[in-house]
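S.K.: Test case, fold it:
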Amino acid sequence: MKSDHIAIFAFKSGIEFGGAVCSHLGVPLSAHEEREFEDGEHKTRPLESVRGKDVFVVHSLYGEAGQSVNDKLARLLFFLGALRDASARRLTAVVPYLCYARKDRRSKSRDPVTTRYVAALFEVMGIDRLVTLDVHNLAAFQNAFRIPTDHLEAKNSFVKYFVPLIHDEEVVVVSPDVGGVKRAESFREALSAALTRPVTSAFVEKYRSAGVVSGAALIGDVTDKTAIIVDDLVSSGTTLARAAQACKARKAKTVYAAATHGVFAGNASQVLAEAPLERVVVTNTIPPFRLTSDVVRNKLTVLDTTSLFAEAIRRIHTNASIVDLLE
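M.R.: Next up, the predicted model:
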């Protein structure tokens, strides 16, 4: 790919991920400056001309020490605004992990619908497109944005990982709640096609109120089967742990978990260390820096998604089909 007509930026906090994306494309990361001011304000600007170029900014919106989620979001929005002012021809935000995607509806009276507010902020900055991976609620995400969006999926990466691992074992794909059944079903179909044999499905009952999770019934047959629990993210680990315990209680042979985004907040290290999970598989949209337990780290596998994002960028830049990439 020629670098004369494209510019790809990545913030310092995500320089490794952005650099790997550029390496797959054979183009250098574009130069920029990030400055911090004494009062906590900040400034980011491109150090090269973006006039008339197809510009991409790769930035995953998770909180970490020194930069909260809100801080990262503000930095990205301001930088996108600066690039638009600098006459970028087309401006695409590539956000591997999109913050506030879970708050997509009013679960209580007068609740904010934060997903929609975040979408409005991106639109106000004048971006032309947003690319992300496995949001919590695809319909809510698509309805929140009025600009074109590309929703990438990690299911094929998970399929490639699990096919050689499970061999000829009888497999059941488990959704940890009713809301994730469609996601689990999509993975089940892809896994079944790759294995060229039937894969069954199951789901676990789950209710959440005021932060308290209840319900433990498991619908489906997992007895003597290898169970793969599929979710969009793992935060506190409680949902995966409950689903794993339900599978084991119903005599599942082995239990794995596959979740796209490894947030690992709160007591996730302890919760997952005690959970009957053989392996926890996530992608590298969020580095697993919050995990403190060696037990969990020994269970953890992190799959690389930089080639997927690189291919999406290549196809957007050349006006090729993203649909073909997903299929």
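S.K.: which non-adjacent residue is nearest Val118?
M.R.: Once flanking residues are discounted, Val118 sits nearest to Tyr100: 5.0 Å by Cβ to Cβ, 6 or more residues apart in numbering. All C-beta atoms are positioned from the backbone trio N, CA, C, and that covers glycine.
S.K.: If you tally nearby residues, what's the number for that neighbour?
M.R.: 20 (other Cβ atoms under 10 Å).
S.K.: Quick check: can you list the domain ranges of the protein?
M.R.: What automatic domain parsing lists as the domains of the chain is 6-153+306-326, 155-303.
S.K.: For those, give me CSV that also has mean pLDDT.
M.R.: Formatted as CSV, those follow (pLDDT from 0 to 100):
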stretch, mean pLDDT
domain 6-153+306-326, 95
domain 155-303, 93
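S.K.: and the residue nearest to Val118, what does it touch?
M.R.: 69, 114-115, 117-118 (Cβ atoms under 8 Å, 6 or more residues apart in numbering).
S.K.: All the helices of this structure, residue numbers only.
M.R.: 15-25, 69-85, 114-124, 138-144, 155-166, 181-195, 238-249, 268-274, 294-299, 306-317, 322-326 (DSSP state H).
S.K.: surely Ala194 meets Val163?
M.R.: Yes - judged on Cβ atoms under 8 Å, Ala194 makes contact with Val163 at a distance of 5.2 Å.
S.K.: quick revisit: among the contacts of Tyr100, which ones are buried?
M.R.: 115, 118 (16 or more other Cβ atoms under 10 Å).
S.K.: hang on, the earlier thing: just say which of the helices of the chain is most tucked in.
M.R.: helix 238-249 (a mean of 23; mean count of other Cβ atoms under 10 Å).
S.K.: Could you list every helix and strand in contact with that helix?
M.R.: Packing partners of helix 238-249 (3 or more Cβ pairs under 8 Å, 6 or more residues apart in numbering; DSSP states H and E): strand 200-204, strand 212-214, strand 218-219, strand 226-234, strand 254-262, helix 268-274.
S.K.: and for the last one, what are the contacting residues?
M.R.: The set of residues that contact helix 268-274 without belonging to it, under Cβ under 8 Å, 6+ apart, is 234-238, 240-241, 264, 280, 290-293, 295-296, 299.
S.K.: swap the cut-off to 10 Å and go again
M.R.: 234-242, 244-245, 257, 262, 264, 267, 280, 288, 290-300 (Cβ atoms under 10 Å, 6 or more residues apart in numbering).
S.K.: Quick one: residues contacting the residue found closest to Leu300 once you drop the neighbours it is linked to in the chain.
M.R.: Nearest residue to Leu300, sequence neighbours excluded (Cβ to Cβ, 6+ apart): Val280, at 5.3 Å. Contacts of Val280 were listed using Cβ under 10 Å, 6+ apart, and they are 229, 234, 237, 240, 244, 256-259, 262, 264, 268, 272, 288, 291, 296-297, 299-302.
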